[in-house]
Structure formats: C-alpha cells, structure tokens
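Asks: need coordinates for the below:
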Amino acid sequence: MAATINPGGGPALPWQRLRRPAVLDASRAALIPLRPLTITEVLDAAFLVVRANARMMVGLPLVIAGGAGLYLLGGIGLWFLLGDTSGETVQIVSVVLYGLLGLLLLTMCLVWMTAVLSRITLETVLGPGFVPATPWTLRRALRMFWPMVGLSLLQWVAASTMQSIIISGVYYVLIALMLAMGTGFSATALGGVATVVTVIGYVISAAAYSYLSLAVPAYATENPHAPAWIGTPARRTNIITAFIRSFTLIGWRNLPRATVIMAGAFAITLLVITLVGFGSLLVLVLYTTSLGVDFLDLLYNPWTYLGVFGFSSIVAMSALLAFVAAVQTLLYVDLRMRREGLDLAMRFDCVPIPQPSAPPIVYVAPPLPPRPPLPPPGHGR
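Replies: Next up, the predicted model:
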C-alpha cells in the first residue's frame, strides 16, 4: 500500500509516495471484485469468507456458543437448586438476575467476536496485497475486549430502545386495526393484516439495525491499535465516532440497500435455524421408530433438548454468527467503495487513499535549489 510522510494527513506527493503492490496481482488475490458490490454479491461473499477461513471464522463463535450453552446449564441448575433450598420469590429473582447478567455478557462477547472477525474478513476478502496479513494471537484479540465492552453497552442500549419502540408500535397498530375492522372480518383477513404489519415491523427493524451494524467493523478496522491497511484513515476512529461513521456511511441514499442486505442476512439465519430444528425432529422420529420408543415421551425429556437441540443449535449458531459478522464487514467495505472511492484507490495507483476523517491537506514541498546569480548589467555585450 502507499505510504505517506505528509504531516497534514493528505495524500502523498509523487516524491513522497512508495509504490503500492501491483494492482493486478493484488486484485487476483482479492475474494471480491474491486468495485461496489451488489446485494447478492455481499451475501455470496459472506459465505465464501466463512468457507475460505473456516477455522478462524467458525472456531471463535463455536467457543462463545459453547460457553453460552454451559451458562444456560448453570441457570437450569441454579433454578433446581434454589427450588429445593429457598422460597419461590428468591428462586425467580435469582434466576432473572442470572439471565440478565448472562445476556449482558453474551452481548459483550458477540460484539468483541464481531470485531475480531471483521479484521479476519477484511484480510480474507481483500487479500494480502491491500490488507497485510497479521498473525492473530489471544493477546492481540483481548486488546480489543475492553473497548468492545463500552461499544457493546452503547449498542445494547440503542438496539434495545429501538426494538422496544418498534415492537410497541407494531403492537398498537395491530390493536388499532383490529378495533377499526371490528368483528365483520374473518380470521383469515385479520391474519393477513397481522402478517403485513409484522413484515413491515421486520423491515423497519432491519433498517434501524443497519445504522448500528457498521459501528463494530468501523472501529475494528480504524481504531488506533488496528493494523494499517489501504483504507486506514489519518485520524483514527474511537468508540463514539464509530457510531457516527456508521450513520455517515449509510446515510439516506444507501439505506434501502443496507436494509435489504441486513433483512436478507436475518432471513437466512432464521431459515437455517428452522431447517436445523426440522432436521433434529427428523432425527428423533427415526430414533423412536427404530427403537420403538414413544415419540412424545422422548420429546418432552429435558435431556433431548440438551443433547439433540442444544448440540445442533450450537453448531448452527457458530456458522451463522460468522456469516452475520462477514455480512456487516462486507457492507462496510461496499459503502466505503461507494461513498469514498476506496475501490478506485485499490485499482489505480495514481488515486489517493481515502482519508474520511483526515484534517485539511497540507502539502510539504521540498526546498527549491538555489538559483545561479544573475549576470551583471551589460554582460555579454
């Protein structure tokens, strides 16, 4: 990538520029075309990223999903333990507090995981020509944990507030429509209206979440400790400006695209979870049929949920968390191409590297060589 010694943060002048890697060689190593992506290309590239770097992309989510499963088992054990040793009020309050603490810890871990996977996605997608590969160690990954704690708290508050507003709005709209329609409509018509309102609420939720989704990849790739890559700004991003970057990159013009991409990612996630659930039920049906065991008895057994549904959910969620993290990072790269011309900087060596938050450009020119003295008057006559 090009390097600059310009103290003003602007693009390097010709005598200050170091040659970038050969664009053709770097573009061959990239996983995506060096141009703004379409909606389907973002979703397809997310699958390619998970498949190309499965060990890192699935390994970390698998650890977090497994830890969440163990935490859930601890909550079940706490429920039965308090049920035998204390009153019902203490049991309910303790389990609720335990669940809220687990939800907070899970949110922090998910945001931290998304930040780690954002850098891995960037290296996998653009290749070493534009994003130099850096070895990931536990110490380096944990360096981002505490900043991600603050970012996750802000994101959790914002997402919870928006989700509460959207759910309340959908609920009140459904009640108002049912009261306005009265009893003269059939259950099919009421169900159709409820479906339409629910879909609209789903789209609004995807649009609202898209404004928050780019904060994590923006901070992960632009923070002061992030390794340099071709899109590194001169002024690094902190926790607060990461949300500003997310809103700025999407804006109003790109909101429909971001909404469709995030809604598609969520729809794929729900579809995979549904297929995994049906697959687990088919496994139980085959098991009960072959052994002659009653299906309902096996279905209501708590060990069935822990063994079959728990294991399949952990494996499915590991891949899905990696997929969603890759989608967010690819959307971030796509919007930087569209709004800041990052693709032009990668394709043409003469284009300055985008500096979205840089101070005004200050060109530092080398001193001119001294001019020879002027000849005396009348010289040469």
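Asks: show me where pLDDT drops low in the stretch 51-200 of the chain?
Replies: Residues of the stretch 51-200 of the chain meeting the criterion pLDDT under 70: 136-138, 181-187.
Asks: for residue 376, helix, strand, or coil?
Replies: In three-state terms, and counting by DSSP: H, G, I helix; E, B strand; the rest coil, residue 376 is coil.
Asks: ramachandran coordinates for it?
Replies: As for residue 376, its main-chain torsions (degrees, to the nearest 10) stand at phi -60, psi 160.
Asks: look at it and say how many residues are nearby.
Replies: Neighbour count of residue 376, defined by other CB atoms under 10 Å: 7. Any C-beta I mention is one placed from the backbone N, CA and C, and that applies to glycine too.
Asks: and the gap between it and residue 98?
Replies: Computed with CB to CB, to the nearest Å, the distance linking residue 376 and residue 98 is 96 Å.
Asks: next one: residue 229
Replies: To residue 98, residue 229 is 41 Å away according to CB to CB.
Asks: cool, residue 91 as well?
Replies: Noted for residue 91: a distance of 11 Å to residue 98, by CB to CB.
Asks: can you show me the helices along the stretch 201-350 of the chain?
Replies: Using DSSP state H, counting those that start in this stretch, the helices found in the stretch 201-350 of the chain span residues 215-222, 239-250, 255-291, 295-299, 302-304, 310-340, 342-347.
Asks: can you tell me which of the ones you listed is most buried?
Replies: Among the helices of the stretch 201-350 of the chain, judged by mean count of other CB atoms under 10 Å, the one packed with the most neighbours on average is helix 215-222 (a mean of 27).
Asks: got the angle for that helix vs helix 310-340?
Replies: Note on geometry: by axes from the mean of the first three to the mean of the last three CA atoms, to 10 degrees, helix 215-222 and helix 310-340 are set 70 degrees apart in direction.
Asks: tilt between helix 215-222 and helix 239-250?
Replies: Relative orientation of helix 215-222 with respect to helix 239-250: 110 degrees, computed using the same axes, to 10 degrees.
Asks: extract the C-alpha trace of helix 215-222 and format it as CSV.
Replies: What follows is the C-alpha trace of helix 215-222 in CSV, where atoms were taken according to Å, rounded to 0.1, in the frame of the first residue of the first chain:
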residue,chain,number,x,y,z
ALA,A,215,-20.1,0.6,14.2
VAL,A,216,-18.2,-2.6,15.1
PRO,A,217,-16.4,-3.1,11.7
ALA,A,218,-15.6,0.6,11.5
TYR,A,219,-14.0,0.6,15.0
ALA,A,220,-12.2,-2.8,14.4
THR,A,221,-10.6,-1.6,11.2
GLU,A,222,-10.0,2.1,12.0
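Asks: let me see the mean pLDDT of that helix.
Replies: Per-region confidence: helix 215-222 scores 89 on mean pLDDT.
Asks: quick one: contacts of that helix?
Replies: 111, 114-116, 118-119, 122, 144, 147-148, 151, 155, 226, 229, 231-233, 236-239, 242-243, 245-246, 249, 328-329, 332 (CB atoms under 8 Å, 6 or more residues apart in numbering).
Asks: picking that back up, let me know which of the helices of the stretch 201-350 of the chain is the nearest to residue 79.
Replies: helix 302-304 (11.6 Å; CB to CB).
Asks: what separates the residue nearest to residue 257 when sequence neighbours are not counted from residue 49, distance-wise?
Replies: Spatial nearest neighbour of residue 257, excluding adjacent residues (CB to CB, 6 or more residues apart in numbering): residue 39 at 6.3 Å. Plainly put, residue 39 is 16 Å away from residue 49 if you go by CB to CB.
Asks: same thing with residue 71?
Replies: As judged by CB to CB, residue 71 and residue 49 stand 28 Å apart.
Asks: show me which of those two is the more surrounded one.
Replies: Neighbour totals were compared for residue 71 and residue 49, and residue 49 leads with 27 against 16 (other CB under 10 Å).
Asks: for that one, list the residues it contacts.
Replies: Contact partners of residue 49, counting by CB under 8 Å, 6+ apart, are 31, 57, 121, 124, 125, 326, 330.
Asks: quick one: which of those residues is nearest residue 350?
Replies: Scanning these for proximity to residue 350, where the rule is CB to CB, the winner is residue 125, at 23.7 Å.
Asks: what helix or strand does that closest one sit in?
Replies: Mapping residue 125 onto the secondary structure by DSSP states H and E places it in helix 88-126.
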